[in-house]
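**Q** Turn this into a model:
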Amino acid sequence: MKHEVVKCDATVIGGGLAGVCAAVAAARLGSTVALVQNRPVLGGNSSSEVRVWVCGATAHGVNRYARETGIMGEMLVENQFRNPDGNPYIWDTVVLETVLAEKNIRLFLNTDVHEVEADGPEEERVIRSVTGWMMGSERRIRFESGIYLDCTGDGLVGFLAGAKFRLGREARHEFDEEWAPEEADDITLGSTLLFYSKDAGHPVKYIPPSFAKDITKTSIPMKRVIRSGDSGCHYWWIEWGGELDTVHDNERIRDELWAVIYGIWDYIKNSGKFDADHMTLEWVGSVPGKREYRRFVGDYILHQNDILAQTPFEDRIAFGGWSIDLHPPQGMYASESGSKHMYADGVYHIPFRSLYSANVNNMLFAGRNVSATHVAFGTTRVMATCAVMGEAAGSAAALCARKGVTPRQLAAEHIGELQQTMLRQDASIIGIAGNDPADAAKSARIVCSSVLKRIAVDEPAERLPLSRDVGILFPVDPEVRTFELLLDASKAATLELELWSTGRAENYVPAVRLASAAVEVAGGERQWISAALPWRPDGPQNAFVIVKANEAVTLYMSDSPLTGVLCFLKGQKPVVSADLEDRQPDQPVVQWSMRGLVRKPVCFRVTPDTEAYAARHVADGIVRPYGGPHSWCSEQPIDAGGEWLVLEWEEELEPSEIHLTFNDDVNEDLINLHHHRTPFEAIPEIVRDYRISAWDGGGWTPLAEVTDNHKRKRVHRPDRAVRTKRLKVDFLASNGGERAELVEIRVYASPSGHNQ
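**A** Numbers count the residues shown, from 1 in each chain. I've put the predicted structure just below:
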């Protein structure tokens with residue numbers, strides 16, 4: 001046996017997406033990191049071993065402008081470019097490459113940590129080391145560091161260190177949670193195995209193994225949706241073990257899930273109820289995807305009312321948006337729906353105090369084991385949300401190591417620095433603006449070639465019958481007076497419109513009605529009608545105009561999207577059967593759906609001109625839509641080749657880093673595997689070709705020239721010293737978008753951040 005000792009600044013145990021993002025974040029901030037994973041691949045439940053969709057705040061398109069940025073966002077955008085068909089093995093390589101790109105990370109795969117050395121009194125425990133066994137290599141490795149991150153999901157490291165934790169469901173009265181049971185119990189969400197099938201192109205027989213379950217003797221065929229063409233996460237409901245111990249009974253749970261999967265396939269192939277003669281079973285998982293086990297106790301326990309109120313914690317460091325998604329304890333054998341969902345009106349916020357232990361001084365955590373009640377965990381548990389919490393925990397670990405403080409001290413004394421550090425790295429903290437005093441762009445005068453001033457979608461492509469209410473969201477900066485709509489009318493009619501605010505800058509549903517109008521429409525085609533819908537808010541906000549259903553009226557949709565504009569239909573029927581999902585249709589984000597209207601806005605115009613796309617937004621510190629698009633958009637098309645943006649200073653500076661953040665349309669719901677196929681590989685609005693130049697007194701000196709870019713954020717470090725008062729970015733081509741668009745520019749005269 002080989003004994004080794006690995007010393008570093010931070011040790012991350014668990015190589016799921018939370019652990020990956022934690023390790024990468026800490027490494028990018030200069031910390032040495034050991035990333036320890038007990039499986040042969042990274043990615044946890046998203047990996048090729050388990051193959052679960054990476055879900056997050058978008059909630060499969062329910063929430064708007066909600067896709068994650070930062071490290072998780074990088075991986076989703078990169079996977080979309082490399083892997084638009086959702087091959088799970090290619091996704092593995094995207095995650096692995098993200099880790100291997102960081103020279104400060106030492107990766108230990110197949111290394112199972114099951115020994116923890118910790119000491120100190122119960123309320124002030126300190127982890128001294130963790131030890132793992134590397135399977136197949138006969139290496140016993142002891143990891144020593146100043147801070148440890150438990151991203152194991154099951155919370156084994158924290159448990160062995162004596163960290164306080166919870167297991168099961170809290171009683172309703174403890175946090176006044178509507179969805180909690182009357183009495184506390186030890187019930188958790190169950191585990192799942194998935195399978196893949198495919199059409200072999202010729203007849204394929206199937207003889208079930210002896211252990212396959214006859215599902216006709218269960219409630220499954222009556223209570224769950226079975227289709228011959230479905231596979232993978234369409235069968236997320238093959239879930240069991242919520243009434244058992246999902247860790248200690250893991251093998252028993254796996255065997256039951258196997259028996260049901262092979263029984264379902266027997267039912268599909270041999271019952272005669274499906275067109276499945278040519279279908280074959282391609283892959284069956286062997287590692288149960290666990291949903292829930294220990295949840296650590298931090299200095300704050302996130303609960304249901306925080307989620308629904310969208311509480312804007314002062315120490316917020318991440319956001320989520322998946323529904324509170326709870327499943328019946330009996331899983332696939334339950335008589336009720338496979339899941340029930342409760343949504344906030346938009347994304348919610350996660351406090352840093354929920355990411356470190358209340359009694360182990362040098363332990364952070366991220367993933368499904370964070371400090372939350374069982375009900376709140378119903379939303380925080382999805383992987384993209386786990387990942388952004390991982391980035392926050394990793395960033396915090398790096399600052400703790402650098403400053404020699406505990407996570408609790410960091411929360412009390414340096415939370416602003418943590419938030420600003422994360423924002424510089426392109427993590428999203430909703431509603432907090434980047435305000436780095438070292439960023440010279442903040443003091444620059446910003447001028448541009450042209451700016452979009454008119455909110456208008458006036459190139460019709462297809463008709464949209466007004467058979468249900470239509471919603472049109474657009475930015476108001478500083479005011480709106482009139483609203484025009486392109487329509488056909490089969491006869492004279494009265495068209496009713498309402499203007500609503502969205503209530504909160506991070507929400508995209510109607511909240512408060514502000515104005516209404518009734519317009520008499522004559523019969524005829526392709527006519528523009530106008531309504532007075534005046535509103536001048538205190539600051540930039542989004543307006544939500546509701547066009548009431550009218551059977552005599554047909555609207556028009558365009559195939560040319562406009563940044564900052566979204567369109568909705570009210571009351572669309574749910575895609576998923578009620579036997580699988582109970583989505584409570586009275587919730588606003590469920591009522592107003594973009595299904596069929598993504599990138600297909602309704603044709604409309606508003607007056608007067610807007611400031612929503614002004615060049616100043618590239619330095620306002622907000623790097624995603626929030627009460628408006630917060631980006632610069634050119635008026636002229638980018639393919640004309642003459643669009644540019646210039647920063648000017650009174651005094652010379654020597655730029656050492658230039659950060660550019662492009663519009664990667666965080667409204668687009670990207671997925672790592674096979675939920676749906678996005679029709680483009682690179683986000684169209686991302687600038688593909690551009691040039692950065694500095695004015696040398698007599699002309700523009702190129703500092704960087706990029707072609708074929710598909711990334712949201714790029715950091716450039718000039719390879720030569722140039723002192724200048726003017727910096728210029730020329731926008732030469734996009735990935736398909738009509739205009740030049742830029743979300744943020746930062747300029748530093750000394751190194752900071754990460755070169756991406």
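
**Q** Report the separation between Gly232 and Leu580.
**A** Relative to Leu580, Gly232 is positioned 15 Å away (Cβ to Cβ, to the nearest Å). Using the backbone N, CA and C atoms, a C-beta is placed for each residue, glycine as well.

**Q** more neighbours, those two?
**A** The neighbour comparison of Gly232 against Leu580 (other Cβ atoms under 10 Å) goes to Gly232, with 20 against 17.

**Q** Contact partners for the nearest residue to Val52 once chain neighbours are set aside?
**A** Spatial nearest neighbour of Val52, excluding adjacent residues (Cβ to Cβ, 6 or more residues apart in numbering): Asn45 at 4.3 Å. The contact partners of Asn45, by Cβ atoms under 8 Å, 6 or more residues apart in numbering, come to Gly16, Val52, Gly289, Lys290, Met383.

**Q** So Asn45 belongs to a strand, correct?
**A** No. Counting by DSSP: H, G, I helix; E, B strand; the rest coil, Asn45 is not part of a strand but helix.

**Q** Check the gap between it and Glu97 for me.
**A** Relative to Glu97, and taking Cβ to Cβ, Asn45 is found at 19 Å.

**Q** Least confident secondary structure element in the protein?
**A** strand 581-582 (a mean of 82; mean pLDDT, DSSP states H and E).

**Q** helices or strands up against that one?
**A** strand 339-342 (3 or more Cβ pairs under 8 Å, 6 or more residues apart in numbering; DSSP states H and E).

**Q** got the contact list for the strand it packs on?
**A** 179, 237, 304, 308, 323-327, 580-584, 587.

**Q** In its sheet, which strands sit next to that strand, and in what direction?
**A** strand 324-326 (antiparallel), strand 581-582 (parallel) (DSSP bridges).

**Q** what's downstream of the shortest one, the next helix or strand?
**A** Okay, so that is strand 581-582. Going down the chain from strand 581-582, the next helix or strand is helix 588-591, by DSSP states H and E.

**Q** Quick check: next helix or strand after that following helix?
**A** Next along the chain after helix 588-591, taking DSSP H and E as the criterion, comes strand 592-593.

**Q** How is the chain divided into domains?
**A** 2-168+296-424, 191-284, 440-451+613-748, 456-607 (automatic domain parsing).

**Q** Throw those into CSV and include distance to Ala184, thanks.
**A** Formatted as CSV, the domains of the chain follow (distance: least, Cβ to Cβ, whole Å):
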stretch, distance to Ala184
domain 2-168+296-424, 7
domain 191-284, 15
domain 440-451+613-748, 35
domain 456-607, 24
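
**Q** Please look at Met363 and Gly158 and confirm they touch.
**A** Yes. Contact criterion Cβ atoms under 8 Å: Met363 and Gly158 qualify, at 5.9 Å.

**Q** looking at the domains of the chain, which is closest to Asp185?
**A** domain 2-168+296-424 (5.5 Å; Cβ to Cβ).

**Q** ok so, going back, per-residue confidence for the residue nearest to Val52?
**A** pLDDT for Asn45: 98.

**Q** what helix or strand does Pro221 sit in?
**A** helix 220-223.

**Q** what about the strands in the stretch 201-350 of the chain?
**A** 239-240, 279-284, 295-296, 316-320, 324-326, 339-342, 348-351 (DSSP state E, counting those that start in this stretch).
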